[in-house]
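1. Just need the structure, nothing else, for what follows:
(one chain, ligands or ions: 1)
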Amino acid sequence: KLQLKHGSHRVGKRTDAVMAKWRGYGLGQFIHWGLYAIPGGEWNGKQYNGAAEWIRSWNGIPKSTYDSLIYKFNPVNFNAEEWAATAKQMGAKYVTITTKHHDGFCLWPSKYTNYTVANSPWKKDIMKPLIDAYDKQGIDVILYFSVMDWNHPGWRYDIKTKEDSIAFEGFKQFTRNQLLELLTLYPTAKGLWFDGTWDKSWVKQAAFADELETEMRKLRPGLIIGSRFRADENGKRHFDSNGVLMGDYEQGWERKIPNKIEDVHGNDWDCVMTVPENQWGYNKAWKGHIKTTNELLEMTAKCVSLGGNFVLNFGPQGDGAIRKEEKQLAAQIGDWMKTNNEAIYNCEYAGLEKQDWGYFTKKTGSDKLYMIVFNVPVSGALKVKLPANTSIGKSYLLAQPAQLLNTEEISGTEYFIHLKNTAAGKPFVVVLEPNAKK
Ligand SMILES: C#C[C@@H]1N[C@@H](C)[C@@H](O)[C@H]1O
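-> This is a model prediction of the structure:
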């Protein structure tokens, strides 16, 4: 084991109540919104093929032209209560909102830069009404913050010269000032989701970032900080040089989901997912493979079955309205969650062998098991392998608890649960109440 000054400060999961609540969220919403939503992935009739929120990096739009989009930011259809109501309808228990993306435009009136909403035609703070609206819906707020800031003159991709070093020192203080400002202005925010921390310039700041993380935790006890914030003194990110997770949850699962429990190394984690293949900010062209409601429900179930949370991204339009396709998804996911959220909220990895029909979850603090079924076998028989000295007490559809399902013991620990109806046409949940074997 290496002696590290700026590695992880804890082995294993946090055991406090704030993190336990985070662990039980199951489903979250991500909001990517900023100046990039105005061009929406195209400029002068030409399509940008990358992710819409990265359009500034495209040579199809001059940087100065992009930067002057601040003078076009006037989201007349922005309605914080509507956004929060959409998340509530979907069944999201938390929301991660971009305070500042890579372009450096701040959705709050930061006093450390002029590149904020305060100097746009909109003038007003966006973050406060959003956080208040989500808080009112009982949806916890996590602040997304991009360290990389293309607007700040002190930003560097690497530090090669004395000038770089001096400029970056100023940038580091700016970053610290903004993070402490956010935590002070929005004290109900539960945590931080960091981005833009992969460049060498920041990776070299192990000591600074470690001290800043400690300072933020002191300012906001219980603050939840992701693994993407800092690197250790050897440049190791997410996991330090001893392979121990830095921060409180793993942030590596961006547009991908772990396949088996070993992949999460006993840590807390969340998966953040786009609806199109790779568009976080609003893109006018709703093109390529657009994930269906059933696909997104299966991703949610898979994440919870492996002990994580699933966070679905919304990219509101430049005028502040949420696009109809995303509203439809929220309504359809919410429909399913209304009936089945018992198998998602405050559930965890069940420790059972994965079966082809779908995913197991287990209610935290109870033996109750849930089988979230996506692939009904033609036999109508769902195979279950229980630990030794456990049998099936009773089993029933979550949606019809009075109707017990017929269970058949195959061998000591294997059972079939026989479905009455094999033509569900949409995912459903079977509840399994195990018994200790006599
Ligand atoms: C790369 C990258 C960024 N990380 C995702 C969460 C989006 O913010 C994307 O722009």
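2. how many other residues sit next to the residue lying closest to Lys100 once chain neighbours are set aside?
-> The shortest distance from Lys100 to any non-neighbouring residue, by C-beta to C-beta, 6 or more residues apart in numbering, is to Cys106 (4.9 Å). For every residue, glycine as well, the C-beta is placed using N, CA and C. Residues contacting Cys106 under the criterion other C-beta atoms under 10 Å number 28.
3. just checking, what's the longest helix in this structure?
-> Ranked by number of residues, the top helix in the chain under DSSP state H is helix 162-185.
4. Contacts for that helix, please.
-> By C-beta atoms under 8 Å, 6 or more residues apart in numbering, the surrounding residues in contact with helix 162-185 are 99-100, 106, 108, 110-113, 127-128, 143, 145, 147, 149, 152-156, 158-159, 189, 192, 201, 205, 208, 212, 215-216, 219-220, 223.
5. Buried residues of the following helix or strand past that helix, list them for me.
-> Moving toward the C-terminus from helix 162-185, the next helix or strand (DSSP states H and E) is strand 191-195. Buried residues in strand 191-195, counted by 16 or more other C-beta atoms under 10 Å: Gly191, Leu192, Trp193, Phe194, Asp195.
6. List the beta-bridge partners for the first one.
-> When assigned by DSSP bridges, Gly191 has beta-bridge partners Ile142, Ile224.
7. Please list all residues in contact with the residue lying closest to Pro75 once chain neighbours are set aside.
-> With sequence-adjacent residues excluded and distances taken as C-beta to C-beta, 6+ apart, Pro75 is closest to Gly320, at 3.2 Å. Gly320 sits next to Pro75, Val76, Asn77, Phe78, Asn79 when contact means C-beta under 8 Å, 6+ apart.
8. near the ligand, which residues of the stretch 101-250 of the chain?
-> When proximity is defined as C-beta under 6 Å from any ligand atom, the stretch 101-250 of the chain approaches the ligand at Asp195.
9. mind checking the SS state of Phe145?
-> strand (DSSP: H, G, I helix; E, B strand; the rest coil).
10. Does Glu433 belong to a helix, a strand or coil?
-> Under three-state DSSP, Glu433 comes out as strand.
11. Now the buried members of the contacts of helix 162-185.
-> 99-100, 106, 108, 110, 112-113, 127, 143, 145, 147, 149, 152, 154-156, 159, 189, 192, 201, 205, 208, 212, 216, 220, 223.
12. on that earlier part again, could you dump the contacts of Gly320 into CSV and include neighbour count, distance to the ligand and secondary structure?
-> Compiled in CSV, the contacts of Gly320 are given as follows (neighbours: other C-beta atoms under 10 Å; distance: C-beta to the nearest ligand atom, whole Å; DSSP: H, G, I helix; E, B strand; the rest coil):
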residue, neighbour count, distance to the ligand, secondary structure
Pro75, 20, 19, coil
Val76, 10, 25, coil
Asn77, 12, 23, coil
Phe78, 20, 20, coil
Asn79, 17, 23, coil
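13. Nearest to Lys21, out of those: which one, please.
-> Asn79 (27.4 Å; C-beta to C-beta).
14. which ones are touching the closest one?
-> Applying C-beta under 8 Å, 6+ apart, the residues near Asn79 are Gly320, Ala321.
15. got a pLDDT number for whatever residue of the stretch 301-438 of the chain ends up closest to the ligand?
-> Closest to the ligand within the stretch 301-438 of the chain is Asn313: 7.7 Å, counting by C-beta to the nearest ligand atom. You'll see Asn313 listed with a pLDDT of 99.
16. give me the element it is part of.
-> strand 309-314.
17. what angle do the helix or strand following that strand and strand 309-314 make?
-> Note on strand 309-314: by DSSP H and E, the next helix or strand toward the C-terminus is helix 324-340. Relative orientation of helix 324-340 and strand 309-314, computed by axes from the mean of the first three to the mean of the last three C-alpha atoms, to 10 degrees: 150 degrees.
18. Show me which residues of helix 324-340 are buried.
-> Quick answer for helix 324-340 (16+ other C-beta under 10 Å): Glu326, Lys327, Leu329, Ala330, Gln332, Ile333, Gly334, Trp336, Met337, Asn340.
19. Please list the outside residues in contact with that helix.
-> In contact with helix 324-340 (C-beta under 8 Å, 6+ apart) are residues 27, 86-87, 89-91, 275, 286, 290, 293, 296-297, 300, 312, 314-315, 344, 372, 398-399, 426-429.
20. mind redoing it with 7 Å?
-> 27, 86, 89-91, 275, 286, 293, 296-297, 314, 344, 398-399, 427, 429 (C-beta atoms under 7 Å, 6 or more residues apart in numbering).
21. Repeat that for stretch 12-19.
-> Lys190, Gly222, Ile224, Asp248, Gly266, Asn267, Asp268.
22. Show the buried residues in these.
-> Lys190, Ile224, Asp248, Asn267, Asp268.
23. circling back: was I right about the residue nearest to Lys100 contacting Asn119?
-> No. Counting by C-beta atoms under 7 Å, Asn119 is not a contact partner of Cys106; they are 9.7 Å apart.
24. farthest-separated two in the contacts of helix 324-340?
-> So, the contacts of helix 324-340 by C-beta to C-beta: farthest apart are Trp286 and Leu398, at 33.0 Å.
25. one step back: among the contacts of helix 324-340, name the buried ones.
-> Applying 16+ other C-beta under 10 Å to the contacts of helix 324-340 flags 27, 86, 89-91, 275, 293, 296-297, 314, 344, 398, 427, 429 as buried.
26. In JSON lines: those residues, plus secondary structure.
-> Formatted as JSON lines, those follow (three-state DSSP):
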{"residue": "Leu27", "secondary structure": "strand"}
{"residue": "Thr86", "secondary structure": "helix"}
{"residue": "Gln89", "secondary structure": "helix"}
{"residue": "Met90", "secondary structure": "helix"}
{"residue": "Gly91", "secondary structure": "coil"}
{"residue": "Val275", "secondary structure": "coil"}
{"residue": "Thr293", "secondary structure": "helix"}
{"residue": "Leu296", "secondary structure": "helix"}
{"residue": "Leu297", "secondary structure": "helix"}
{"residue": "Phe314", "secondary structure": "strand"}
{"residue": "Ile344", "secondary structure": "coil"}
{"residue": "Leu398", "secondary structure": "coil"}
{"residue": "Pro427", "secondary structure": "coil"}
{"residue": "Val429", "secondary structure": "strand"}
